[in-house]
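Visitor: dropping the sequence and predicted coords here.
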Amino acid sequence: MKKFIFFLIATALFTSCKHKTANTEIPSDSIFYLNSDWQNQNGQTLKLSELKGKTLVVVMIYTTCRTACPLLVADMKAIEQKINPDNLDKVSLVLVSIDPETDTPERLKKFANDRKMDAPHWVFLRGNEAATQEFANVLSMKYKKISPVDFSHSNIISIFNPVGKLVVQEEGTGINAAKVAEKVNETVKAN
Amino acid sequence: MQKQLYIAVTLLSIWCSSCKQQEAAPHFVSNAKQDTITSIFTDVKMVKINGGDYKPFYGSNTALVKVAPFLVDERQVTNAEFLAFVKANPQWQRSHIKRLYADTTYLHNWVNDTTLPKDAKPNAPITYVSWFAAKAYANAAEKRLPTLDEWEFVAMADDSVPNARNKKSYSNTILNLYLEKNRQYNEVKQSPPNYWGVYNVFDLVWEWTDDFNSVLASGDSRAGEYGDKNLVCAAGATSATDVMNYAAFMRFGFRSSLKATYTVSNLGFRCAKDIAAKK
């Protein structure tokens, strides 16, 4: 009888173990294969794969933008408000700069602080030009430098699951934050 | 009883630790491998383009863009060359490529990972390649992809002048070429070069450019004043400056419809290079 119980416990542990392994397998289309180096708002160098394990909400912006980016940032904050608070530690809201030259870590930090985006789930990133271009292409995002201080760019908010697979993209400003947050909650729950 | 308990605890702790190890181990060991490129040798001749001012078809209003002198391959990358590339870099073979870098039709016409399509001419341009794959090839050849401005700068030439845009024959010739079907199966360098000595600018395939994703056209607007301002920030800044150049419009429309993972039956590429600074 006791042996049987041990057997049950061992089996249970084994299956739970397997389950976790399956969930952390990186799919072929994962953004975590990108090998580029990035800097966050605290000046730390990291690879995208270090964001693994959390549901990601990603947008590309630049801090000196006066037109659409403030709307996108507002969208991101609206999404944050609508995410189940219990889920926030399983989520990273990631803002990637399309103007890495201007958007230094110090600048990103100040941008974050000024807008009360200083909680640990906010991640600001800048790469070099090649990494930025590659990442924009992974997001199917269009952008063009139209003057030394301005960019044209498409506005896309993307959700990735904890293994870096694209779940859904919302295009355009004035997106439905509740809908995106709902998708985030679902993604957290499913993983 | 105690012994049994001891065995059980030991067993459980083994399971636990093995479990932990598995979690900590990276599951994408090939990460670095994908990025490590084995160099390849190509003997394609590169042509020097002197550069100059050029008026983009779409761009920042009517401002001229300065194109610096650069080198460009005189023809597109061929089937044979791309085959050599994937042989040297197996991670870019059809069955090994990460879905992140190319859609499912990547090299789909090939017989297998290292055999060209049955009827393909080795000297015909490679097609069914994604932007990521084209970039990787250029990397391996120690070159880069031409920028959109560089490509269009070269494309302004006909066989006698560097800028033939105002000639009626220029646009007509290109449009007639664009109408021909199955041009992509022909070999490179079978038609006359342009003013710069560059072959096959229009007659075989469309070509990837490094910054193809800088074209911010949405949908099909033909008048020049376009752009969904909800989708595109500062879209009003981009509009047509040369509405007569319908061929250029087609290229821009095509580019704006592309995503970097797309692979298309008549889309290839050629490489470019900076001119090394004189010491």
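Guide: Structure's in. What do you need? Residues are numbered from 1 along each chain as shown, chains lettered A, B, ... in the order given.

Visitor: tell me which residue is most central in chain A.
Guide: A:Leu56 (3.2 Å; Cα atoms, centre = their mean).

Visitor: wasn't it part of a strand?
Guide: Yes. Counting by DSSP: H, G, I helix; E, B strand; the rest coil, one finds A:Leu56 located in a strand.

Visitor: so it makes contact with A:Val94?
Guide: Yes. Here A:Leu56 reaches A:Val94: they are 5.5 Å apart, a contact under Cβ atoms under 8 Å. Just so you know, the C-beta spots here come from the backbone N, C-alpha and C atoms, and that holds for glycine as well.

Visitor: how close does the residue nearest to the centre of chain A sit to A:Ile175?
Guide: Distance, A:Leu56 to A:Ile175, using Cβ to Cβ, to the nearest Å: 16 Å.

Visitor: same question for A:Trp38.
Guide: A:Trp38 is 25 Å from A:Ile175, by Cβ to Cβ.

Visitor: which one of those two has more residues nearby?
Guide: Neighbour tally, A:Trp38 and A:Ile175, criterion other Cβ atoms under 10 Å in any protein chain shown: the higher count belongs to A:Trp38, 25 against 20.

Visitor: could you report the pLDDT at that one?
Guide: Reading off the confidence values, A:Trp38 has pLDDT 98.

Visitor: okay, and residue 152 sits in which element?
Guide: I'll assume chain A. Secondary structure from DSSP states H and E places A:Ser152 in strand A:150-154.

Visitor: the intended chain is chain B.
Guide: helix B:148-155.

Visitor: which neighbouring elements make contact with that helix?
Guide: strand B:46-49, strand B:52-54, strand B:65-67, strand B:70-73, helix B:246-257 (3 or more Cβ pairs under 8 Å, 6 or more residues apart in numbering or on different chains; DSSP states H and E).

Visitor: mind doing that once more with 10 Å?
Guide: strand B:46-49, strand B:52-54, strand B:58-60, strand B:65-67, strand B:70-73, helix B:246-257, strand B:272-274 (3 or more Cβ pairs under 10 Å, 6 or more residues apart in numbering or on different chains; DSSP states H and E).

Visitor: pull out the buried positions in the last one.
Guide: Residues of strand B:272-274 classed as buried by neighbour count (16 or more other Cβ atoms under 10 Å in any protein chain shown): B:Ala272, B:Lys273.

Visitor: what about the helices in chain A?
Guide: A:2-24, A:68-82, A:105-114, A:129-138, A:177-190 (DSSP state H).

Visitor: which one of these has the lowest average pLDDT?
Guide: Across the helices of chain A, helix A:2-24 gives the lowest mean pLDDT, at a mean of 52.

Visitor: mutual contacts of A:Leu56 and A:Val94, please.
Guide: The contact sets of A:Leu56 and A:Val94 overlap at A:Leu48, A:Val123, A:Ser158, A:Phe160 (Cβ atoms under 10 Å, 6 or more residues apart in numbering or on different chains).

Visitor: can I get those in CSV with pLDDT and distance to chain B?
Guide: Formatted as CSV, those follow (pLDDT from 0 to 100; distance: Cβ to the nearest Cβ, whole Å):
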residue, pLDDT, distance to chain B
A:Leu48, 97, 10
A:Val123, 98, 20
A:Ser158, 97, 13
A:Phe160, 98, 12
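
Visitor: can you lay out those as CSV showing neighbour count?
Guide: Below are the shared contacts of A:Leu56 and A:Val94 laid out as CSV (neighbours: other Cβ atoms under 10 Å in any protein chain shown):
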residue, neighbour count
A:Leu48, 26
A:Val123, 24
A:Ser158, 22
A:Phe160, 25
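
Visitor: go through those residues and name the one nearest B:Lys98.
Guide: A:Leu48 (13.6 Å; Cβ to Cβ).

Visitor: isn't B:Val215 up against B:Ser256?
Guide: Yes. Counting by Cβ atoms under 10 Å, B:Val215 touches B:Ser256, with 4.3 Å between them.

Visitor: just give the number of residues close to residue 73.
Guide: Answering for chain A, as no chain was given. Around A:Val73 there are 18 residues (other Cβ under 10 Å).

Visitor: sorry, I should have been clearer: chain B.
Guide: Neighbours of B:Asp73 using other Cβ under 10 Å come to 24.
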